[in-house]
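[1] Okay, sequence plus prediction incoming.
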Amino acid sequence: MKDDHRLTIWERYLTREIAIEFKACLYFFAVLFYYCIYRMIQGVFDARILHMAEMILTCYIIGYIQVFAFANFDEADRLKGREWAGILVCTGIYSAVGYFCGWFEKNLTATLIFAAYLLLTYICVYFIYKSKRAIDDKKLNEDLRIFQTKHKVNDTGE
């Protein structure tokens, strides 16, 4: 008999796609924020639609890279070699795309600051996910305690 607690292929696919969608939105906001600040410093108060399309497409592609090539490094328990490799590779891709697509008018200084900003963003997101997991663990443990108290689970597990 099939274990009812295991995820179906559809559920696993959907879970990954939602994670990628969330990552794309999160990082698009971060990239767009930097882009807008850069433009405002330059005295320009509008954003190019082509640049925004390039940004969101890049965010989706990098979301897939994060999930499939680097096992969701921003959601990892610890930052070790593979996670740091993922952070550096993805930061490098964002920076290269930004430079070659002219998001910052091919200004090398702005691009390097963008790379540093992305590194900081990845580290902050990692700590946010880590904090969220700790909070979720507390909540699940409390829910389990309440359940056990209500059902007075005995030693046999009945």
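    Received it, and whenever you're ready, just let me know what you need.

[2] how about the residue positioned nearest the centre of the chain, what does it touch?
    For the chain, the residue lying nearest the average C-alpha position, counting by C-alpha atoms, centre = their mean, turns out to be K23 (4.0 Å). Taking C-beta atoms under 8 Å, 6 or more residues apart in numbering as the contact definition, K23 lies against C59, I62, G63, Q66, V67, D74. In short, each C-beta sits where N, CA and C put it, glycine included.

[3] same thing but at 7 Å, please
    Each residue near K23 by C-beta atoms under 7 Å, 6 or more residues apart in numbering is listed here: G63, Q66.

[4] And for I56?
    When contacts are counted by C-beta under 7 Å, 6+ apart, I56 is found next to A24, F28.

[5] following the helix or strand hosting it, which helix or strand comes up?
    Counting by DSSP states H and E, the element that carries I56 is helix 49-64. Downstream of helix 49-64, the first helix or strand assigned by DSSP H and E is helix 81-100.

[6] quick one: that following helix to helix 49-64, angle?
    Angular relation of helix 81-100 and helix 49-64 on a 0 to 180 degree scale: 160 degrees, by axes from the mean of the first three to the mean of the last three C-alpha atoms, to 10 degrees.

[7] Report the spatially nearest residue to T91, omitting neighbours in sequence.
    If the residues on either side of it in the chain are set aside, T91 comes closest to L118, at 4.6 Å by C-beta to C-beta, 6 or more residues apart in numbering.
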